[in-house]
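# Sequence and predicted structure below; questions after.
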Amino acid sequence: MEERERGRERAGARATTWPRPRVRGLRGEPWPRPGEALHAAAAYLKDCAAVDFGPGRLVPWVPVAFGLGVAFYFTAEHEPSAVAAVLAFAAMAVVAFAARRRAVAFPACVLAAAVAAGFAMATLRTVRLAHPVLDRPVYGATVSGFVEAREERERTDRIVVAVERFSGARLDEPPRRVRVTVKRGAAPPVGSFVTFKARLSPPLAPLMPGGYDFARDLYFQGIGAAGFVTGAIMAETPPRPASLRLAYLGLIDAIRDGVDTRIRAAAPGDEGAIASALITGKRDAISAPVNDAMYVSSLAHVLSISGYHMAVVAGVVFFIIRAGLALIPGFSSRHPIKKWGAAGALAAAAFYLALSGAEVATQRAFAMTAIVLIGVMTDRAALTLRTLAVAALAVLLLAPEAVAHPSFQMSFAATLALVAAYEHGLPWTAGRGGSLAERAALWGGREAVALVFASLVAGLATTPYAAFHFHRAAPYGVVANLLAMPVVSAWVMPMGMLALVAMPFGFDAVFWRLMAHGISWMDAVALWVAGLPGAVGRVPAFGVGALLAATAGLVVLCLMRSRLRFAGAGLIALAMVMAATAPRPDVLVSGAGDAVAVRGPDGRLAAMRSGGDSFAVKEWLAADGDPRTPADPSLKAAFSCDAIGCVARLPDGGLVALSRAAEALAEDCAQAALVVTAREAPPGCAAKAIDRATLRARGALALRRDGQAWRIEGTYPIGGDRPWMPRARAPERASPSSHDATPRAEDLDAGD
């Protein structure tokens, strides 16, 4: 009786903000009469809002609003004022505090303050990271500095160097960090001080309007130039001792290299490369056919260390510590071995985070795992949606720019969909068998259905982001995951864990080989699925509006509890319509003006480039859903060329001229509907002219024919001023190998 009274006192001591109502029409209450429809609709919406944003339901919306504020920051044409952003957040925080006792105003003000906080945090992040960005190509620059990171790739290696000395070019301020490509196997170790000559270029701008902004990505990594080494790399005595951060990076890289070497020695080929990706996060040595097959089959999430991998590591360590201590007679009854197990698992998860490279998906997984384990240590239950919300906030507070990266988007979309699906309850998980055989059969059936269900939910949740960023979908993703994931779960990862435990004692080789056998099965599944008819689901590019609508629909479906959540399905349907009806450009022009693509009467793109670089054309074809490669001879068939230029016809018969010489401009201006040239167009050109000045101001262009007029969309807005945007530089032709220093499509992958 006393315990019951104390429980009532504790319950009554809690602050009451917004009681959970019984929403009419949701739980059996009769609907109102027609005459009361308006009043009833308002009451219904208010009750639904109470269910969806009331006590216990507001927290998951905060990171959504925070991320929306970060997204607003990236849409600004000019760099916002940090002072104004902070003041706006402070004002909204004060308003939210003043409205804390108002049931309707308080949630709205909290979410508005979260939007302002996201905008301010992104602005402050840019101010803190401010660094010079190269504004023109530099040939033969001599660079000296500390190696901060290195990546092994299939054909070349890549290093990031913190610049100490920069010579060979007249620059107002040289870049502080550069990323350069080196010969395979020539990358020096992290922490070493090196000097080399390199050709450097500004970070690569988007290759078409709406395309991925490589320059922005590198800016937030602190990298101001990219290029390739043109000579030997010389190790030198550093002018000053390395910092503690650099020493830490060197230690972690040495550990990763040691583990990677042991894995490759025991399991060569793609099996060893994938095993190293699962343990160390190094996945750049996987061959192109297997890597492509993993993406086509929707198994690429296995290569990104994220929730599943972190859960296995933490779970195994937790079980071993707790079970081992429980075997000591009388020990478990006197000591909190469960909390000790959680502490050991947290330490193991933190080491795995550092060992794997700490990518966005791994950060999210570690944050969620840490919250759960800390909850165990403090005797607090971890609520799944709240855990995900705190993890998202942790990642966005540390790196607000992650909201624009596909890894963050796909990782959290998949996790949110899975958590929401299981939180809503699955009736087929109920029920118990009678005999041991019945229980075993029921357990096996549940596991199979759970795997299919998880693959389907996660696949559907990440489809909009895969289609937007990579222009592809995986029709057979559920089949591939159903065949491969049980082996990965029951064999590959456990063998990897045993190998790590056995490595200090020198008995790890056998476990790496056993792990490789399971990976061979996964590779076979990926290659088989990739070879099925229609396995490569190509999706033409669509605008960011469709992606935002799909995201809003996913969030509404997953976070709401009332029947208003079904509006999310309508938003997703709207996103599908927007994506399917997105207009496609008639003409594409590269930022240097040396590559042009024209949509012909057959509806397909024809492309012509004057240099050897095919990267832009490759991206254009992918964005158009075109399976052809830049080397396909049919791409040039629609162009007629001579020594001074080329022409191609539009569906309406108009001519697009690519003028390479000054003498071609006069004729092209008189006869063509559109003239593209890397030179200055004559002032009296009768055709629409895309010349050096236009490209310098707008970057890569997408043009659509509207009657006799042209609608032009540039990579950058007119007069745009952001720190990562190129500033008034003449377009330069890039060397074919210079793009080795830029991210490939697979560099933009996502974790599960």
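Yes, it's here. Numbering: from 1, shown residues only.

# For the stretch 351-500 of the chain, which segments are assigned as strands?
472-473 (DSSP state E, counting those that start in this stretch).

# so what's Ile374 up against?
Going by Cβ atoms under 8 Å, 6 or more residues apart in numbering, Ile374 touches 342, 346, 380. The C-beta positions use only the backbone N, C-alpha and C, and glycine is treated the same way.

# Just the pLDDT for the closest residue to the last one other than its chain neighbours.
The spatial neighbour of Arg380 that comes closest, neighbours along the chain excluded (Cβ to Cβ, 6 or more residues apart in numbering), is Ile374 at 7.9 Å. The predicted local confidence for Ile374 comes out at a pLDDT of 86.

# Buried residues, stretch 685-700. List them.
685, 687-692, 694-696, 698-700 (16 or more other Cβ atoms under 10 Å).

# distance between that stretch and the chain's centre?
A distance of 32 Å separates the centroid of the chain from that of stretch 685-700, by Cα atoms, centre = their mean, to the nearest Å.

# Then stretch 148-158?
With Cα atoms, centre = their mean, you get 20 Å for stretch 148-158.

# Next, the distance between the ends of that stretch.
With Cα to Cα, to the nearest Å as the measure, the ends of stretch 148-158 fall 11 Å from one another.

# got a list of what Ala454 touches?
Contacts of Ala454 (Cβ under 8 Å, 6+ apart): Leu418.

# quick thing: my sequence starts at 40, can you match it?
With the count now opening at 40, the last piece we talked about shows up as Ala493.

# how much space between it and Ser345?
14 Å (Cβ to Cβ, to the nearest Å).

# what's the closest non-adjacent residue to Ala226?
Excluding the flanking residues, the one nearest Ala226 by Cβ to Cβ, 6+ apart is Asp196, at 3.8 Å.

# Narrow the buried residues of stretch 724-739 to those in strands?
With DSSP state E as the criterion, strands contain 727-729 from among those.

# one step back: out of the buried residues of stretch 724-739, which is nearest to Gly545?
Ala739 (54.3 Å; Cβ to Cβ).

# Does the closest one touch Asp252 like I think?
No. Contact between Ala739 and Asp252 fails when scored by Cβ atoms under 8 Å: they sit 11.2 Å apart.

# anything in contact with each of those two?
Contacts common to Ala739 and Asp252, judged by Cβ under 8 Å, 6+ apart, are 244-245.

# re the thing from before, mind pulling up the pLDDT for the residue nearest to Ala226?
Asp196 carries a pLDDT value of 89.

# One more: Phe259?
Note on Phe259: pLDDT of 93.

# Then Pro775?
Predicted confidence (pLDDT) for Pro775: 37.

# Could you do the one 5 residues further on as well?
Among the per-residue scores, Ala780 holds a pLDDT of 36.

# Kindly report the same for the one 3 residues further on.
The pLDDT attached to Arg783 in the predicted structure is 41.

# of the buried residues of stretch 724-739, closest to Pro514?
Of these, the one sitting nearest to Pro514 (Cβ to Cβ) turns out to be Ala739, at 30.9 Å.

# and that closest one, how far is that from Thr114?
Taking Cβ to Cβ, one finds Ala739 at 18 Å from Thr114.

# swap in Ala104?
For Ala104, the distance to Thr114 (Cβ to Cβ) stands at 16 Å.

# same question, Asp681
In this structure, Asp681 and Thr114 are 44 Å apart, going by Cβ to Cβ.

# what's the domain layout of the chain?
Domain ranges of the chain: 75-168, 177-281, 583-619, 626-759, per automatic domain parsing.

# what's the closest of these to Ala304?
domain 177-281 (15.0 Å).

# for the closest one, how far is the first residue from the last?
For domain 177-281, the first-to-last residue distance is 28 Å (Cα to Cα).

# chain center to that domain, what's the gap?
The answer for domain 177-281 is 23 Å, by Cα atoms, centre = their mean.

# hey, where'd the helices end up in the stretch 640-789 of the chain?
When assigned using DSSP state H, counting those that start in this stretch, the helices of the stretch 640-789 of the chain occupy the ranges 654-662, 701-710, 731-737.

# can I get the ones you listed in a markdown table with distance to Ala634?
Shown next, in a markdown table, are the helices of the stretch 640-789 of the chain (distance: least, Cβ to Cβ, whole Å):
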| stretch | distance to Ala634 |
| --- | --- |
| helix 654-662 | 5 |
| helix 701-710 | 17 |
| helix 731-737 | 11 |
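
# deepest of these, which one?
Mean neighbour count (mean count of other Cβ atoms under 10 Å) peaks for helix 654-662 among these, with a mean of 23.

# low-confidence ranges in the chain?
Within the chain, the segments meeting pLDDT under 70 span 40-76, 79, 346-347, 399-400, 420-422, 464-487, 651-652, 765-791.

# which other helices and strands contact the helix or strand hosting Ala201?
Applying DSSP states H and E as the criterion places Ala201 in strand 195-206. For strand 195-206, the helices and strands in contact under the criterion 3 or more Cβ pairs under 8 Å, 6 or more residues apart in numbering; DSSP states H and E are strand 177-191, strand 216-222, strand 232-240.

# 10 Å instead?
Contacts defined by 3 or more Cβ pairs under 10 Å, 6 or more residues apart in numbering; DSSP states H and E place strand 195-206 against strand 177-191, strand 216-222, strand 232-240, strand 264-268.

# buried sites along the longest one?
Of the residues in strand 177-191, those buried by neighbour count under the rule 16+ other Cβ under 10 Å are 177, 180, 182-191.
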